[in-house]
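Novice: this one's structure only:
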């Protein structure tokens, strides 16, 4: 009797587990579908896309859409491909990430180890600044970039992304350094070590993981940004997202969908690679902004 | 005598260095964030058109704004979009998190698959979904080729249903992230409590309903706040997926602000709409951030 019940329980458990696996698998297919469709259609000739099925594999595999998206596709009015915009994005992302991460680290250090009256309030103000809808700063920013003479340039975009990235990098380093024993800092101080020496010798060597988190977060956000890029970039400084949007929206006549997909994947590739290589840190960065602890 | 003075000076300096290091960030925050907010608020009370001008018009931009049919459409769309987006993301996220938490061996493979869309630009997401949802090329076309000729899915071309396409693409992008938040919450629950309840004969269903889900309160709160914030500032996805159309069917306050400010040259009205967006965000975030900051002490 008891064994019958037990086997019954095990049995229903097994059915339940199969159901769970099926549901999870369907969900995985849902998330993979758009990427799969983009991938296979980016290596098809256009003719097969137009009279074929988006789910069918290519009859003829071709990398031509990729090379055209990269170097000859019509972006706006120029047939330059995405390459120059890719370089713009890199020129913009690297300094903006480096500066905002460095300043964030120092801010986090000050806000946790050199506390002063009102520091929590200042931090609260910085934190709120991460979560403003950026529409509220577009008009004055356009004016200020114009006054500074860097409107429509890459340095202008670097400034914008650095300024509005600081809140998040500060948040990351502050939370990370808050768990770091303050006694160690005090002991080093008594030994005569100064502000920068303590930071350089004691905190920074242990900051590896949070630096990775902050760099990945900033890189992903700035690379993927569209609002600032489309508002403040000029002809020679448009980032990848803006170029991709121009590529997809502007073509007239029969649209070269395969080139659009190749372009979309090229635009997604840097952040996808970062995600694949260091997904753990990416998730940590996402969570640090949202969940306590 | 000189020595103590020197050390005095040094410690003084040491006291100032931290503040000097912090100063550039604080200054840029005050200028670029709060200064700019004040400037935009000010502009929303002026007669600015193409460029900022400083003729005071009081509340006129706001009263104009709320009489514009396009703004009503944008607000209505935001209400539909935000509520569906938040509810569906939480349902999918929580569901997947609970299922993944059943000691699934392939969790290590599945989790990154659920989460990768979060690493993509909304422009890429919009491009992909625009195509999938296009009846002549995407899912509908494929179903027809597969023999299901009565299948219809042309929401993106319909002004009544296009907003649901935006919900679909946005859910695709962020529900994996919500899953990760809930999974982290589930992993934080004390197993002993669950075991005790199980011994008392609680079924799996009631276990989750009575004990697990109530313990996920912080994760729910975070998810609602973050998703609400993402919904208000959604802009790129609309641009890439529908361009705000068909007609005005998928305009949101963010696209409204952009088009009134930069293409219709009604900067005063654009500024007013940005101020309303900020107030909506603040209404969600200020209480949340306040409680987050207050507690650790």
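Specialist: Structure received. Owing to the predicted nature of the structure, the values given are computational and were not obtained by experimental measurement.

Novice: pLDDT value on residue A:252, please?
Specialist: You'll see residue A:252 listed with a pLDDT of 65.

Novice: what is the burial count for residue 278?
Specialist: Defaulting to chain A. 16 (other Cβ atoms under 10 Å in any protein chain shown). Yep, even glycine has a C-beta here, placed from its N, CA and C like the rest.

Novice: actually, chain B is the one I wanted.
Specialist: 19.

Novice: any idea how far apart the tips of stretch B:18-38 sit?
Specialist: Start and end residues of stretch B:18-38 are separated by 28 Å (Cα to Cα, to the nearest Å).

Novice: what about the helices in the stretch 1-150 of chain B?
Specialist: For the stretch 1-150 of chain B, the helices defined by DSSP state H, counting those that start in this stretch occupy B:2-28, B:36-43, B:60-65, B:69-100, B:107-115, B:122-133, B:139-145.

Novice: the longest one vs helix B:107-115, what angle?
Specialist: What it means is helix B:69-100. 180 degrees (axes from the mean of the first three to the mean of the last three Cα atoms, to 10 degrees).

Novice: quick check: buried residues in helix B:69-100?
Specialist: Going by neighbour count (16 or more other Cβ atoms under 10 Å in any protein chain shown), the buried part of helix B:69-100 is B:70-71, B:73-75, B:77-78, B:81-82, B:84-86, B:88-90, B:92-100.

Novice: top helix in chain A by residue count?
Specialist: helix A:2-41 (DSSP state H).

Novice: buried residues, it. List them.
Specialist: A:21, A:24, A:27-28, A:31, A:33-35, A:37-38, A:40-41.

Novice: got the phi/psi numbers for residue B:101?
Specialist: Dihedral pair for residue B:101: phi -80, psi 0, per degrees, to the nearest 10.

Novice: the longest helix of chain A near chain B at all?
Specialist: Yes. For helix A:2-41, a contact with chain B is found by Cβ under 8 Å from any Cβ of the partner chain, at A:17, A:20-21, A:23-24, A:27-28, A:30-35, A:37-38.

Novice: re the thing from before, quick check, nearest of the buried residues of helix A:2-41 to chain B?
Specialist: Chain B has its nearest neighbour among the buried residues of helix A:2-41 in residue A:34, at 3.9 Å by Cβ to the nearest Cβ.

Novice: quick one: the closest residue to that closest one other than its chain neighbours from residue B:89, how far?
Specialist: Nearest residue to residue A:34 in three dimensions, chain neighbours excluded: residue B:128, at 3.9 Å (Cβ to Cβ, 6 or more residues apart in numbering or on different chains). To residue B:89, residue B:128 is 18 Å away according to Cβ to Cβ, to the nearest Å.

Novice: about what we covered before: list the contacts for the residue nearest to residue A:34?
Specialist: Residues counted as contacts of residue B:128 (Cβ atoms under 8 Å, 6 or more residues apart in numbering or on different chains) are A:34-35, A:37-38, A:261, A:264.

Novice: in the chain, which residue is closest to the centre?
Specialist: All of this is about chain A. residue A:220 (1.4 Å; Cα atoms, centre = their mean).

Novice: wait, chain B was what I had in mind.
Specialist: Central residue of chain B (Cα atoms, centre = their mean): residue B:230, 0.8 Å from the mean position.
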